[in-house]
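1. Provide a 3D model corresponding to the input given below.
(2 chains)
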Amino acid sequence: MTYSLLSIMRQELGLIVITLLVLFLDLFVRETNKQKVYIITLILFGIHTLAGFFPFEGGTLFGGMFHTTPMHILMKNVLNIGVFLVLLMSASWLIMPRISDKRNEFLMILLTTLSGMYFMISAGDFLMFYIGLEIASIPMAVLAAFEKFKSRSEEAGIKFLLNSALSTGFLLFGLSLFYAAGGTLYFDDFSHSISQPSPLVALALTFLLSGLAFKLSLVPFHFWTADVYEGSPMVVTSYFSVISKGSVAFVLGILLFKVFPAFIGLWQFVIYALAIATMLIGNLFALRQKNIKRFLAFSSIAQAGFILLGLLQTDTFGITVIIYFVLIYILSNLAAFGVAQAISVATGKENIEDYNGLYKTNPSLSLIMMLALFSLSGIPPVAGFFSKFFLFTAAAKAGYYRLVFIAVVNTTIALYYYLLVVKAMFINPNPNPLPPIRSDNYLRSALFITVVGIFLAGILSPVFEYMQAIVDKF
Amino acid sequence: MNAFEYTFLIPFIPLLGFLLIIFNFKRFPKKLTAALATSLIGISFVLSVYTAWQYFIIMGPLHGVYPKIIGNHFEWLKLGEHLSVHMGTLIDQASVMMLIVVSTVSLMVHIYSIGYMHDDRGFNRFFAFLQLFSFSMLSLVIATNVFQIYIFWELVGVSSFLLIGFYYEKPSAVAASKKAFIVTRFADLFFLLGILLISFHTDTFDFISLTNPENFERFNLHGTTFLGLSIPALALILIFVGGAGKSAMFPLHIWLPDAMEGPSPVSALIHAATMVVAGVYLVARMFANYAIMAPEALALVGYVGAFTSLFAAVIATTQIDFKRVLAFSTISQIGYMMAALGVSGYGEEAGLGYMASMFHLFTHAMFKALLFLGAGAVIHAVHTNSIREMGGLRKYMKTTHITFLIATLAIAGFPGLSGFFSKDEIITAAHQSYPLVFYTLLVVAGLTAFYMFRLYFLVFWNTETHYHHKPHDPGKAMLIPLIILAVLSIVSGYIPFGEFVSSDGKPLHTHLHFDIAIISTLVSFVGIAIAWFLYKKSSDLTSHLIARWGTFYRWAYNKFYIDEVYLFITHNIIFAYISRPIAWFDRHVVDGTMNVIGWITVTTSEKIKGMQSGQLQQYAFAFVSAILVISAFLIYYLINN
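-> Here you go, the predicted model:
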C-alpha cells in the first residue's frame, strides 16, 4: 500500500514536497539569500516537470477516490510546462520593491493551486473533485490581491473571492443533488447507476456546469474576468487565463466524457449554446479594449469558447484535441503575456497605444508578440492554426457544421483585433516609442521556449501523435 | 521509387534562399543577395523545365493517358483510421504546367527587381519575401492533397500581405495589405469549411483518389444540406468561394486594385501571373469533382466568371491610374479563365473549356507579367501613376514601347500572338453550349482591346507632357526580362497545348476555329479602332493644328467632329450611364456592405461594453439568470423527450 501510494501519487507528492520546501526555506533563510530559494524552486520544478514525462501506467487509490492514467499524467504535464514558464516570467516582477519581501510566498501559493488542479484532474469521485477545485481556487484570490498596496489588485482579490463563493455554492449544491439522484459520489458507480436523466439530474447538471463555466469564464458567467484580470498583477493574470483555464477545460472534458455520457443530449446542447455565446461576446468585447491585459483577457474568453468545440466530439479524438489545443494556447498566450510582462516591468506601460512604434526600438519583442498573436488567431504555419483546425475537425466530425461556420466567422473577427495590436507595433507612427528594453535572462528563456514551441508543436506531427497514442490507450 | 523524386527540391531551394537572406539581412551586401536569390530561383526554373521535359517529352502518355505521379511524399499527420495528411509533390499535367509558369515569371521578376529595387533601402527584405513567396507558390502548385494546398494557400496570402505592405511608411500601402489579407482570409474560411465537408464524406484528402471518377461511386455523398444543395455541390461551392477570394472574383475582388500599392514587380508576380490564378488552378485541380459530382456548382463558376469578366472590363475603361487599369484587366481575364472552366465538360472533346482555361492561364501569365513590368519601367521613368501625366513616351523609351505594344496586342487578341489562340479556344468552348456566356465573352474581348489600346495610346502616343527629367529606357537588368517575356508572349500561343494539358489526361487535338476566330478578331479590331480615334492624339493637339494650318482646317475639323461624337457617346453615354454606375456600385454597395458589417460589429461591441460595469450584484444577477434559463430549458427538453 505504502509503495503503491508513493508511486501512483508521485506527481502530487513531489509537488507537495517542493511546496513545503519553499515554505520552510523561506522561514529559515536570511533576507539576502531569498533569491536563491527562487532558483532552487525553479530547478526543482524543472526536474519535476521533466520527471512527469517518464512513461507510467498509473493506478487507483483510496477505493477509487483517486486514480491516474497516462492521459491524466499528460494533462498534468501540459499544466507543468505552463507553470514552469509562468515561474520563469515572474522573476523580474518578484524582485520589485514591496513584492520582494514576500516573493517566496508567491511561489508557495502558486504551487499550492497547482496541486489542487492535480487532485481535481485525478479525482475519482465528486468529493475529491470538489476539494481539488477549492484548493485550486481559494489561494487564487490571494494571488489576485498580491499587490495589496494597489487598490485595483485588492479589488480584484475580493471580487474573485465573492464571485467564486457564489459559483462554488451552486456547484456544491449541484453535487449534493447528484448524490440525491444516484446515491453515490463515485464517478464509476454514478455512471452505472443512472442511465435515464431525470429533471433532478438536469438541475444538478446545470449547477455543476455553471460552476465550471464560471472558472472557464464562459459567457454569461464571465463578468468577473475583466475586472479580476485587469486588477491582478500581470503574472497572475497570465496564470489565471492560461493554467487555471486549461485545468478546468481538462476536468470538464473528463466529467462530460467519462461520468455523464448517458446525458449527452442534455449537455451537448448547453455546450453548443455556451460556445456560440462565448466566442461571439468574447470577441465583441475584445474589439474595443485599450488595455493589453483586458485585451488578452477577453481574447482568452473567446478562446475558451473554441475549446468547447472539442467537447462536442465525444471520442478520444475530442480529448486529444482539447489537450493539444490547451498546450498550444498555453505557449501562444504566455508568449503574448511574456512580452506584455517585459514591457510592464520595465516601463509600467500597459496600454495598447503605448505599443505604437515598438518595432523600431524593440524588434525582437515585437516579433515575438506578432508570432504569438498569429498563433492565437490561427494563421498557418504556426501551431495555433493546427490546434484550431483540429478543433474544427472534431466539431465537424460530430456533425456540427453550423457551429463550425460560426467559429470560423469568429476567427475572422479575432484576426481583426489581433492585427490591431500588430499594427500598433509595426505601423503606427510614434515620435517617442518605448525605450529599448532589456529583460532578464529568465524571461528571455521563457520567451525562447514559447517561440520554439509555437513553431515546432505545429510543424512536428509527432507532438500530436504522441498525445493521440496516449489518449487512445486510456 | 520513381523518376520524379527530385521535384521536392523545386520549392525547397527558394526556401533555403529565404532563410539565408532573412538571417543575414543586415550583413549581406545587395549584390550578394541579388546573385544568391536569382541563382536559386534560376535552379528552380531549370529543374521545372527539366521536369516538364521529362514528363511530357521523355515519358509521354502511358496507354494514351498522362499519368498522375507522386514524386515523393510522407505521412505527416494521422487524423483517424482512414484519414491522414501527407506532404509531397504531385506531378501531373496541370502541376507541371504551373511549375513552368511560376518559375518562369518568378525568375523574370527576380532579374527585373535587381534593377527596379536598386536604390531601395529594403532591398534584402524584398528579395527575402520574393523567395518566401516563390517557395509557397511552388509548394502550392505541386500539393498532393487539399490540406497541403490550404496551408500553402495561406502562406502565399501571408507573403502577399508582406509584399503589398512593403512600403510600410505609406499608409495607403498598409491599408491595402490589410484589406487584401482580411478579404482573402475571409474567403479562405469558406474554403476550409469546404475541405472539412468533402473530406469527411470521401474519407480522403488526396487529389489522386479524390478526383478519380472511378472512385465516385464509393464515396458516401448522400443527403442534402440547406437550400436543397447536395453535399458535394455545397462543399465545392464553399471551395470555390475560397478560390474566388484569391482570384478576385466578384464581389470579393475589392482587394486587388488596392493591392497595386505594392512595388510593380510584386504586382507582376503575385497579382497578375501566379497567386491570383490560384483560384482557377484550384477549380481545375478538382475539375472532375465539379464536372461530374456537381454540375450546378460548375455552372455557378462559369456565370460568376463571365459576369466578373464583363464587370471588370467596363470599369477598366474609366480608370486613369496605370496600374489600376491593369488590375481590372487582370480581374477581367481571370474571369475569362473561370468562365472557360464553367462551360467545360469532362473528358475528350467536351473538355475543351478546361484546356482553353489552362492555356489562357499560361499565355496570360506571360503577357500580363510583361505589361506590369513595362508599367513598372514607365512609372520608374516618369515618377507618376497617372496616365494623364504621361504621353509621347514612345520616343524616349523605345524598347519598353515595343515590348509593351507586343503585350497589348497579345491581350487584345491580335491574330498571331499568344492571347489570340487561347481566347479563341475559350470563346469556341463557350459557343458550344452556353450562348449567354459566349456573347458576354465576345463583348469583353472588344472592351479588352479598347481599354488596353486606350492605355497604350495615352501613355506612348498622345500629347507629350513636359517631363522634369527626360524619361529613358531602364537598365539591362530590367530590359532583359521585358524582351524575354515579349518573345514568350508571341511564341507561347503556338504550343499545341491540348496535347499536353487536358481534363482527363488524354491528349486533346485542337485546331483553330476560323468562324469564331474571325468574329472575335473583328470585335477586337473595332475596339482597337475606337481607341485609335479617341486617344492616339488628343483633341487639344487637333485644335492647335487647326489654328496653325488653315488648309488642314476642313480635315481637322471633321476629325474633331468625329472625335466629339465618339467622345459624347463614350464619355456622356457609356461612361456616364454604364461604367460610372457600375464603378459607383462597386465603391458604395460592395465596399459599403463590407463597411456596414464592420460598423455593426464595432457598434454592438460598444453597446455591450456597458454591461461590464464592475458591479458585483449585476454579475451575480447574470450568473443566476443564466442558470435559471439553462435549467428551465433542460427540464423542458427532458419532459418533451
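2. what sits against residue 389?
-> No chain was given, so I picked chain A. Counting by CB atoms under 8 Å, 6 or more residues apart in numbering or on different chains, A:Phe389 makes contact with A:Gly378, B:Leu192. For glycine as for every other residue, the C-beta is placed from the backbone atoms N, C-alpha and C.
3. the intended chain is chain B.
-> Contacts of B:Glu389 (CB under 8 Å, 6+ apart): B:Val382, B:Thr465.
4. tell me how far the residue of the stretch 51-200 of chain A found nearest chain B lies from B:Asn640.
-> Using CB to the nearest CB, A:Pro199 is the residue of the stretch 51-200 of chain A that sits closest to chain B, at 4.8 Å. Separation of A:Pro199 from B:Asn640 (CB to CB, to the nearest Å) stands at 12 Å.
5. so which of the two has more stuff around it?
-> Neighbours per residue (other CB atoms under 10 Å in any protein chain shown) separate A:Pro199 from B:Asn640, with A:Pro199 holding more: 14 against 6.
6. tally of neighbours for the residue nearest to the more buried one when sequence neighbours are not counted?
-> Spatial nearest neighbour of A:Pro199, excluding adjacent residues (CB to CB, 6 or more residues apart in numbering or on different chains): B:Ile635 at 4.8 Å. B:Ile635 is flanked by 17 other residues according to other CB under 10 Å.
7. in contact with B:Ile635, which residues?
-> Taking CB under 8 Å, 6+ apart, we find B:Ile635 in contact with A:Pro199, A:Ala202, A:Leu203.
8. these two touch, right, the first one and B:Tyr637?
-> No - no contact is recorded between A:Pro199 and B:Tyr637 when judged using CB atoms under 8 Å, the distance being 10.1 Å.
9. residue contacts, the residue lying closest to B:Asp258 once chain neighbours are set aside?
-> The spatial neighbour of B:Asp258 that comes closest, neighbours along the chain excluded (CB to CB, 6+ apart), is B:Ala176 at 3.9 Å. B:Ala176 makes contacts with B:Ile164, B:Gly165, B:Trp255, B:Asp258, B:Ala259, B:Met260, B:Glu261, B:Gly262, as judged by CB under 8 Å, 6+ apart.
10. switch to 10 Å and redo it
-> By CB atoms under 10 Å, 6 or more residues apart in numbering or on different chains, the residues touching B:Ala176 are B:Phe161, B:Ile164, B:Gly165, B:Lys170, B:Trp255, B:Leu256, B:Pro257, B:Asp258, B:Ala259, B:Met260, B:Glu261, B:Gly262.
11. spatially nearest residue to the fourth one, not counting backbone neighbours?
-> Going back to what we said before, that points to B:Lys170. Nearest non-adjacent residue to B:Lys170 (CB to CB, 6+ apart): B:Glu261, at 6.8 Å.
12. where does chain B dip in pLDDT?
-> Within chain B, the segments meeting pLDDT under 70 span B:1, B:77-83, B:220-228, B:537-602, B:604-614, B:641.
13. please parse it into its domains.
-> B:1-246, B:286-526, B:534-607, B:609-640 (automatic domain parsing).
14. what's the most buried one of the ones you listed?
-> Highest mean neighbour count of the domains of chain B: domain B:286-526, a mean of 22 (counted as mean count of other CB atoms under 10 Å in any protein chain shown).
15. and the residue of the stretch 301-450 of chain B nearest chain A?
-> Residue of the stretch 301-450 of chain B nearest chain A, by CB to the nearest CB: B:Val304 (20.9 Å).
16. which SSE is immediately downstream of the helix or strand that contains that residue?
-> B:Val304 belongs to helix B:295-316 when assigned by DSSP states H and E. With elements assigned by DSSP H and E, the helix or strand that comes after helix B:295-316 is helix B:322-343.
17. let me know the angle separating that following helix from helix B:295-316.
-> 160 degrees (axes from the mean of the first three to the mean of the last three CA atoms, to 10 degrees).
18. secondary structure element for the residue in the stretch 251-400 of chain A that chain B sits nearest to, which one?
-> Closest residue of the stretch 251-400 of chain A to chain B, CB to the nearest CB: A:Leu284 (3.9 Å). Secondary structure from DSSP H and E places A:Leu284 in helix A:264-287.
19. now do that helix, average pLDDT.
-> Regarding helix A:264-287, the rounded mean pLDDT is 85.
20. in it, which residues are buried?
-> Going by neighbour count (16 or more other CB atoms under 10 Å in any protein chain shown), the buried part of helix A:264-287 is A:266-268, A:270-287.
21. send the alpha carbons of it over as CSV?
-> Output of helix A:264-287 as CSV, limited to C-alpha atoms (Å, rounded to 0.1, in the frame of the first residue of the first chain):
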residue,chain,number,x,y,z
ILE,A,264,-25.2,13.6,-23.8
GLY,A,265,-28.4,15.0,-25.2
LEU,A,266,-28.6,17.3,-22.3
TRP,A,267,-25.2,18.8,-22.0
GLN,A,268,-24.3,18.9,-25.7
PHE,A,269,-27.0,21.5,-26.2
VAL,A,270,-25.7,23.6,-23.3
ILE,A,271,-22.2,23.4,-24.5
TYR,A,272,-23.3,24.3,-28.0
ALA,A,273,-25.1,27.4,-26.8
LEU,A,274,-22.3,28.4,-24.4
ALA,A,275,-19.8,28.0,-27.2
ILE,A,276,-21.6,30.4,-29.5
ALA,A,277,-22.3,33.0,-26.8
THR,A,278,-18.7,32.8,-25.5
MET,A,279,-17.0,33.1,-28.9
LEU,A,280,-19.2,36.0,-30.0
ILE,A,281,-19.3,38.1,-26.8
GLY,A,282,-15.7,37.5,-26.0
ASN,A,283,-14.7,38.7,-29.5
LEU,A,284,-17.0,41.7,-29.4
PHE,A,285,-15.6,42.8,-26.0
ALA,A,286,-12.0,42.3,-27.1
LEU,A,287,-12.6,44.5,-30.1
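22. which other helices and strands contact it?
-> Judged by 3 or more CB pairs under 10 Å, 6 or more residues apart in numbering or on different chains; DSSP states H and E, helix A:264-287 is in contact with helix A:199-215, helix A:223-231, helix A:292-311, helix A:401-426, helix B:591-608, helix B:616-640.
23. so B:Thr89 sits in a strand?
-> Yes - if the criterion is DSSP: H, G, I helix; E, B strand; the rest coil, then B:Thr89 is within a strand.
24. quick check: beta-bridge partners of it?
-> Applying DSSP bridges to B:Thr89 yields these beta-bridge partners: B:Asn72.
25. and it, how far from B:Thr204?
-> For B:Thr89, the distance to B:Thr204 (CB to CB) stands at 18 Å.
26. next, the angle from the helix holding A:Leu284 to helix B:616-640.
-> Using the same axes, to 10 degrees: helix A:264-287 against helix B:616-640 is 150 degrees.
27. ok, B:Tyr535 to chain A distance?
-> Taking CB to the nearest CB, to the nearest Å as the criterion, B:Tyr535 is separated from chain A by 39 Å.
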